[in-house]
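**Student:** The sequence isn't on hand, but the structure is:
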């Protein structure tokens, strides 16, 4: 199995070292542990091609439930829901992932959405803005799980690309401890 690693500085790979690999494909997360068989730095030195031993088992799971970024007071992130009558709601975004979000309302502001309701969402982060259609997938108490079908189906639209950019930026910042939170 061959992977290409991009935008890494100072590659330092040891042959036969143990590697943990995770990647997304077909809307699912794949994870496995392997050993490095060989690698080649690609011309320019800003990426490398890794050859790994293919394991017998690769763990596969739905990304919707496995990968979430906590969104408590993330600075510069705004989110708005619009119902079929263009009424606007501003719930708290609990977490965000590749195909959706978990939202929470205060008792008095909960509009009482039902599973399968369709809403428009407006998401803004770091100068990027996107409007996406969303479905209510579940609701427990005053919390809702929303799903973005066009993003999850890998629809190649500008809106899907912007949403993926926002999630990737948040993931990178969260993973590196650089997510800025509002006071």
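**Tutor:** Arrived safely, thanks for sending. A quick note: this is a predicted structure, and the numbers were derived from the prediction, not measured.
**Student:** who's in contact with the longest helix seen in the chain?
**Tutor:** Ranked by residue count under DSSP state H, the longest helix found in the chain is helix 158-175. Contact with helix 158-175 is made by 69-71, 74, 77, 96-98, 123, 125-126, 128-132, 148, 150-151, 154, 178-180, as judged by CB atoms under 8 Å, 6 or more residues apart in numbering. (Each C-beta comes from the backbone N, C-alpha and C, glycine too.)
**Student:** Please repeat the previous calculation with a cut-off of 6 Å.
**Tutor:** The contact list for helix 158-175 (CB atoms under 6 Å, 6 or more residues apart in numbering) reads 69, 98, 125, 128, 130, 132, 150, 151, 179.
**Student:** Check stretch 115-124 too.
**Tutor:** Contact partners of stretch 115-124, identified using CB under 6 Å, 6+ apart, comprise 78, 79, 80, 81, 82, 83, 130, 131, 132, 134, 135, 136.
**Student:** what two of the residues you listed have the greatest distance between them?
**Tutor:** Maximum pairwise distance in the contacts of stretch 115-124, criterion CB to CB, is 21.0 Å, between 78 and 135.
**Student:** Can you tell me which of the contacts of helix 158-175 are buried?
**Tutor:** Using 16 or more other CB atoms under 10 Å as the burial test, these include 69, 98, 125, 130, 132, 150, 151, 179 as buried.
**Student:** Inside helices: which ones of the residues you listed?
**Tutor:** 150, 151.
**Student:** Minimum pLDDT in the buried ones among the contacts of helix 158-175, which residue is that?
**Tutor:** Scanning these for pLDDT, the low point is residue 179. It has 74.
**Student:** pLDDT score assigned to the nearest residue to that one once chain neighbours are set aside?
**Tutor:** Counting by CB to CB, 6 or more residues apart in numbering, residue 179 lies nearest to residue 173, which is 4.5 Å off, once chain neighbours are set aside. With respect to pLDDT, residue 173 scores 86.
**Student:** Thank you kindly, that will do.
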